[in-house]
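> Structural data only, the sequence is not supplied:
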């Protein structure tokens, strides 16, 4: 038989829970995966997926958008699982990344891009990401890099024979193929934009060009205003060879010297301004001048293959449970 004291305890607990809970049922954050002893919840995935989701929803529609969202969501979840496994491996190896190191890395990135912290936060906000989330990504990348160096790099070697074979096989790449490294600022025309809308966008681009000519850093304004995916990298699209770009833009790009800034270039999709930061390929590059570059390429390819194998082994050894 239930004692009066026990009944009283139940009544008090009932009152406490009744006061603490809203009228509607409380929704508990759903667990999506368990990686050894670490949980990944629905909110964890949502927060990580948010910037990617925003870009997909802005650029696609209909069935293609839904399919891409589903594939991207699965890829992000797998990446989160890999990140947790690497963090756990780092803990076993005693590898840590201090918050001060992350802050220093972010400051270096801002310095290279000639951005203030406020400017950078606005760029991240436009992409649907917070500064804390960005710092978390940087910390994960630094941790991953240190674990890989410890576990993999010492096990990989590149011989002189491999370097020589690569040079012979890819000799055409070093025999005068001209390429330019570009930064770009792009403003797109909205679908079905009329002449009035295009005129307004051109006025905006003219204002940007004026600021560039007055000496403001190209990468800073690209990060702030460009609507292309390269905005986050200060507009840097890397080296481009002939035959890749729009013919009008190609003619302008290859006629420019490093440091020069183009005028406004119009296409059917929008407006662009470009600048050349480097040129290469003006004559054959000898073996000794590209030896270290080739060694790094071979090393990167081996590291990528080794990393996939190593990550596969980590997954096999781990206890990973996916919840439906």
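Sure, I can see it. Owing to the predicted nature of the structure, the values given are computational and were not obtained by experimental measurement.

> Would you agree residue 206 is in contact with residue 264?
Yes - Residue 206 is in contact with residue 264 according to Cβ atoms under 8 Å; the separation is 6.9 Å. Backbone N, C-alpha and C define where each C-beta goes, glycine included.

> how close does residue 187 get to residue 251?
21 Å (Cβ to Cβ, to the nearest Å).

> now do residue 143
45 Å.

> Looking at these two, which is more packed in?
Neighbours around residue 143 and residue 251, counted as other Cβ atoms under 10 Å, are more numerous at residue 143. The numbers are 20 against 12.

> Could you verify that the more buried one is part of a strand?
No - using DSSP: H, G, I helix; E, B strand; the rest coil, the assignment for residue 143 is helix, not a strand.

> Give me the contact list for stretch 152-168.
174, 287, 290-291, 294-295, 297-299, 302-303, 306-307, 310 (Cβ atoms under 8 Å, 6 or more residues apart in numbering).

> Identify those among those that sit within helices.
287, 290-291, 294-295, 297-299, 302-303, 306-307, 310 (DSSP state H).

> mind putting those residues in TSV, pLDDT and neighbour count included?
Output for the ones in helices among the contacts of stretch 152-168, formatted as TSV (pLDDT from 0 to 100; neighbours: other Cβ atoms under 10 Å):
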residue	pLDDT	neighbour count
287	79	13
290	84	17
291	88	15
294	90	20
295	91	16
297	89	15
298	91	17
299	88	15
302	88	17
303	85	17
306	87	16
307	86	15
310	90	18
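
> and which of those is nearest residue 68?
Nearest to residue 68 among these is residue 307, at 25.6 Å by Cβ to Cβ.

> thought that closest one was touching residue 149?
No - with contacts counted by Cβ under 8 Å, residue 307 stays clear of residue 149, the gap being 11.3 Å.

> Isn't residue 56 up against residue 66?
No - at 9.6 Å, residue 56 and residue 66 do not qualify as touching, with contact defined as Cβ under 8 Å.

> Show me where this structure dips below the pLDDT cut-off.
Residues of the chain that meet the criterion pLDDT under 70 lie in 1-28, 175-177, 281-285, 324.

> any idea how it splits into domains?
The record's domain split for the chain, according to automatic domain parsing, is 32-154+309-322, 176-280.

> can you redo those domains as JSON lines with distance to residue 163?
Shown next, in JSON lines, are the domains of the chain (distance: least, Cβ to Cβ, whole Å):
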{"stretch": "domain 32-154+309-322", "distance to residue 163": "17"}
{"stretch": "domain 176-280", "distance to residue 163": "20"}
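
> Does anything pack onto the host helix or strand of residue 111? Which helices or strands?
Counting by DSSP states H and E, the element that carries residue 111 is helix 99-113. The contact analysis (3 or more Cβ pairs under 8 Å, 6 or more residues apart in numbering; DSSP states H and E) places helix 99-113 against helix 117-126, helix 131-151, helix 218-225.

> Just say which of those helices is most tucked in.
helix 218-225 (a mean of 22; mean count of other Cβ atoms under 10 Å).

> Output the contacting helices and strands for that one.
Packing partners of helix 218-225 (3+ Cβ pairs under 8 Å, 6+ apart): helix 99-113, helix 117-126, strand 179-188, helix 195-213.
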